[in-house]
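Undergrad: compute the structure for the input listed below.
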Amino acid sequence: SGTTIVFIEHYMRAVLELVDRLIVLNYGKVIAQGNPHEAMRQDDVVTAYLGGAHA
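TA: As a prediction, this is how the structure comes out:
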């Protein structure tokens, strides 16, 4: 509790298991933040990391 780390990872299962709060960047711009499970469902995140064809 009360500890902040910078954790850079593309394997989302690991991220979701380890963090309580998440900030998602795309080309240096914050596109989502907050609850990890909610952030990963946001349209901008899905489009950025899965591509428009999968969104």
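Undergrad: got the contact list for the residue nearest to Asn26 when sequence neighbours are not counted?
TA: With sequence-adjacent residues excluded and distances taken as Cβ to Cβ, 6 or more residues apart in numbering, Asn26 is closest to Ala48, at 4.3 Å. The way it works is simple: take the backbone N, C-alpha and C, and place the C-beta from them, glycine included. Counting by Cβ atoms under 8 Å, 6 or more residues apart in numbering, Ala48 makes contact with Val24, Asn26, Ile31.
Undergrad: please report phi then psi for the last one.
TA: This means Ile31. With angles defined as degrees, to the nearest 10, Ile31 sits at phi -110, psi -10.
Undergrad: got a markdown table for the contacts of Ala48, with pLDDT and neighbour count too?
TA: Output for these, formatted as a markdown table (pLDDT from 0 to 100; neighbours: other Cβ atoms under 10 Å):
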| residue | pLDDT | neighbour count |
| --- | --- | --- |
| Val24 | 93 | 19 |
| Asn26 | 93 | 13 |
| Ile31 | 96 | 17 |
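Undergrad: just name the closest of those residues to Gly2, please.
TA: Val24 (22.4 Å; Cβ to Cβ).
Undergrad: tell me what that closest one is bridged to.
TA: Under the criterion DSSP bridges, Val24 forms beta bridges with Ala32.
Undergrad: residues in contact with it?
TA: Val30, Ile31, Ala32, Gln33, Ala39, Met40, Gln42, Val45, Ala48.
Undergrad: surely the fifth one touches Ala32?
TA: Yes - counting by Cβ atoms under 8 Å, Ala39 touches Ala32, with 4.0 Å between them.
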